[in-house]
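> Give me the fold of what follows.
(one chain, ligands or ions: 2)
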Amino acid sequence: MRIGILGAGQLGQMLALSGYPLGQRFVFLDTTGNPSADIGQTLVDKNNARLDEFLSQVDVVSYEFEHLPVELVRQIEQHKPVYPSSRALQVCQNRGLEKALFTQLAIPTPEYHLVDSQESLQQAVTALTTKHQKPVVIKTVTEGYDGKGQAVLKNDASQAVSEVWQKIGGRELIVEAFIDFVREVSIIAVRSQTGEVRFYPMAENHHVDGILRYSFAPLPNLNAQLQAQAEGYIQALLTELDYVGVLTLELFQQKNGELMANEMAPRVHNSGHWTQNGAATSQFENHLRAVAGLPLGSTAARLPTCMVNIIGKNGDVQQLLSIEGLHLHLYGKEERAGRKLGHLNLVAANSEALLAKVETVAKRLPQAPLPKFSFVE
Ligand SMILES: Nc1ncnc2c1ncn2[C@@H]1O[C@H](COP(=O)(O)OP(=O)(O)O)[C@@H](O)[C@H]1O
Ligand SMILES: [Mg+2]
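Residues are numbered from 1 along each chain as shown. Ligands and ions are numbered 1, 2, ... in the order given. So this is what the prediction gives:
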């Protein structure tokens, strides 16, 4: 089976790496001029001139990032099956549609306002800060990732509001109540073409400056009720969207234990990279099984696993690989501040042993922040 992937970054690379053993072959369509997948065949197409060539070489199409023109995906759907569908893409690339769907499905989410002018931004900031006595998080409705296109305001001072509008405004924004979460978690699920669904155990995610640094799974103190609540939320989304492939839901866990949806991604996700070495079937393989109409694989965790992102600067490979249970996944990218260059997965027999290894890695990786998890004093 020939799989077409829109986008040609590290997620595409890792999809292909897990699709080859299934006999799949890959063609990437890159519209940025900067492909890094470096596997299979890549069509660089900055001027939208090679779509027919791409379509003639693939049986089915998926994508590795959601900031794509929905129109392009609708057009492709006229010729080849696309999973997840253009509707799933449309919802997941727009924070306003995403939040509206959460609300429609009774999935709790931070209170929010959509605004499109400095005046409406000011009103929303005043309304939310007055009501909750908490800061607000302001985000662009489309195109944000890794915390980009965001600002936090502690109060509704008009000078600060004006600066935010200058910096990220001039377009539609969403203003959200700030959630004092105990921790951030995510749930990843996969749904097949026949409607079979499997859920991975949740991961705890530690972000610094909006960028994911550590994902730990399964949670050492995971209770069945919490997992079931998250599964219920993501199941509702999968059913409503008649979804095929891997879907990720990022959640905040509050002090009272309850979960609140933050955002979702219609694709394999950085917080699911642990599954490459810690689960029976990786998120990449399961996404491809779904897209190709194959039965899904077990999502069970094999051992406690922690994913550590390698950002900006590479570590010493000799030193890193001397750590038992460490698996390196480098994307073949040049070093640049803030850039995701790779990740590593640490696997250990139990959570204590795993935490000790994470500490060791944090010391050996340049500029890595100290690992922090809610279950460690
Ligand atoms: N309403 C909020 N309250 C508190 N923290 C937030 C809120 N929204 C976002 N954040 C923080 O910012 C990070 C990035 O925001 P997110 O909405 O996930 O955007 P991105 O698309 O950049 O991942 C989150 O993982 C979380 O740490
Ligand atoms: Mg996020």
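> CA only for contacts and neighbour counts going forward, please
Noted.
> remind me, longest helix of this structure?
Among the elements of the chain assigned as helix by DSSP state H, the one spanning the most residues is helix 224-240.
> Can you list the buried residues in that helix?
By neighbour count, with 16 or more other CA atoms under 10 Å as the criterion, the buried positions of helix 224-240 are 227, 230-231, 233-238.
> What strands line up against the very next helix or strand once past it, and which way round?
Note on helix 224-240: by DSSP states H and E, the next helix or strand toward the C-terminus is strand 245-253. In the sheet containing strand 245-253, the strands it pairs with under DSSP bridges are strand 183-191 (antiparallel), strand 259-265 (antiparallel).
> give me every residue that touches the one residue sitting closest to the centre of the chain.
Relative to the mean C-alpha position of the chain, the nearest C-alpha, by CA atoms, centre = their mean, is the one of residue 269, at 3.7 Å. Under the criterion of CA atoms under 8 Å, 6 or more residues apart in numbering, the neighbours of residue 269 are residue 248.
> With residue 61 instead?
3-6, 80-83.
> so what's it bridging to?
Under DSSP bridges, the beta-bridge partners of residue 61 are residue 4, residue 82.
> Return the distance of it relative to ligand 1.
Spatial separation of residue 61 from ligand 1 under the definition CA to the nearest ligand atom, to the nearest Å is 23 Å.
> The chain should start at 27 in everything you say after this.
Happy to do that; since the first residue is 27 now, the last one works out to residue 87.
> show me where the stretch 27-176 of the chain has strands.
Taking DSSP state E, counting those that start in this stretch as the criterion, the stretch 27-176 of the chain contains strands spanning 28-32, 51-56, 67-70, 86-89, 138-141, 162-166, 176-179.
> Let me have these in CSV, extended by distance to residue 390.
As requested, the strands of the stretch 27-176 of the chain are exported to CSV (distance: least, CA to CA, whole Å):
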stretch, distance to residue 390
strand 28-32, 35
strand 51-56, 34
strand 67-70, 35
strand 86-89, 34
strand 138-141, 41
strand 162-166, 33
strand 176-179, 31
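> now those as CSV including mean pLDDT?
Converted to CSV, the strands of the stretch 27-176 of the chain look like this (pLDDT from 0 to 100):
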stretch, mean pLDDT
strand 28-32, 98
strand 51-56, 98
strand 67-70, 98
strand 86-89, 98
strand 138-141, 98
strand 162-166, 98
strand 176-179, 97
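> domains in this structure, as residue ranges please.
In terms of domains, the chain is parsed into 28-108, 137-203, 209-390 (source: automatic domain parsing).
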